[in-house]
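*Asks:* Give me the fold of what follows.
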Amino acid sequence: MNFNQIVTTLTSGFSEAILSTDEFRDELTFMVKPQFIKDVCLCLKDDLGFDLCSDICGADRFTDDDRFEVVYNLFNTGEKIRIRLKVRVDESDPHVPSVVSVWESANWYERETYDMYGVVFEGHPDLRRIYMPEDFEYYPLRKEFPLIGIPGSIPLPEIEKAAQQKDAGEAYNNQERI
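*Replies:* Down below sits the predicted model:
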């Protein structure tokens, strides 16, 4: 299989789903309409052998329209071919269908993208935060998020309490062992 076969299969089978195709330095990228991403992924897995979703990540383009981009990195382990799919969504409606039912490995990748950018994956079996507390109302990888964080947004340990714990730990470590 070569890139031309992949392009032909996807553009003929999903003519209204594929917005653009780009080949650069032996890498093939498809821009896909969000509502068709799951169908395109099913075709890639079932018909073209892309059996591994090696990564899903987000990007904040910080534009007025289609601000967020979700990038899917796929791999055909039999033929050693990599491709990339991209989906763009607007800040006012950052929803994309989940592909966890296509590749189980997408579970944590989608959760991470949700946690860091706020992109909601419709149909995800357990869409909740991974890094940030559930009640945290911000998304740290969005470009407007301050580099120093938001003071008071997450309760941090008190300095005195942390110092006491450190002293207790040092005292324990300095005890004689029997």
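
*Asks:* Which of the helices or strands spans the residue positioned nearest the centre of the chain?
*Replies:* For the chain, the residue sitting closest to the mean C-alpha position, by C-alpha atoms, centre = their mean, is residue 57 at 3.0 Å. Using DSSP states H and E, the element containing residue 57 is strand 52-60.

*Asks:* So what are the sheet partners of that strand and their directions?
*Replies:* strand 68-76 (antiparallel) (DSSP bridges).

*Asks:* For the partner strand, buried residues please.
*Replies:* Neighbour-count burial for strand 68-76, with 16 or more other C-beta atoms under 10 Å as criterion, is recorded at 68-72, 74-76. C-beta: built from backbone N, CA, C; applies to glycine.

*Asks:* Please apply the same query to stretch 86-96.
*Replies:* Within stretch 86-96, judged by 16+ other C-beta under 10 Å, the buried ones are 86-89, 91, 94, 96.

*Asks:* Can you pick out the most distant pair from those residues?
*Replies:* When those are compared pair by pair using C-beta to C-beta, the two farthest from each other are 86 and 91, 16.6 Å apart.

*Asks:* still on that earlier bit, any chance of a markdown table for the buried residues of stretch 86-96, columns distance to residue 128?
*Replies:* A markdown table is the format used below for those (distance: C-beta to C-beta, whole Å):
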| residue | distance to residue 128 |
| --- | --- |
| 86 | 25 |
| 87 | 21 |
| 88 | 24 |
| 89 | 20 |
| 91 | 21 |
| 94 | 16 |
| 96 | 17 |
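
*Asks:* Restricted to strands, list those.
*Replies:* 86-89, 96 (DSSP state E).

*Asks:* can I get those residues in TSV with pLDDT and distance to residue 14?
*Replies:* What follows is those, written out as TSV (pLDDT from 0 to 100; distance: C-beta to C-beta, whole Å):
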residue	pLDDT	distance to residue 14
86	98	14
87	98	13
88	97	16
89	97	18
96	97	16
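
*Asks:* Would you format those as TSV with distance to residue 28 included?
*Replies:* Supplementary listing: those in TSV, determined by distance: C-beta to C-beta, whole Å:
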residue	distance to residue 28
86	11
87	16
88	18
89	22
96	21
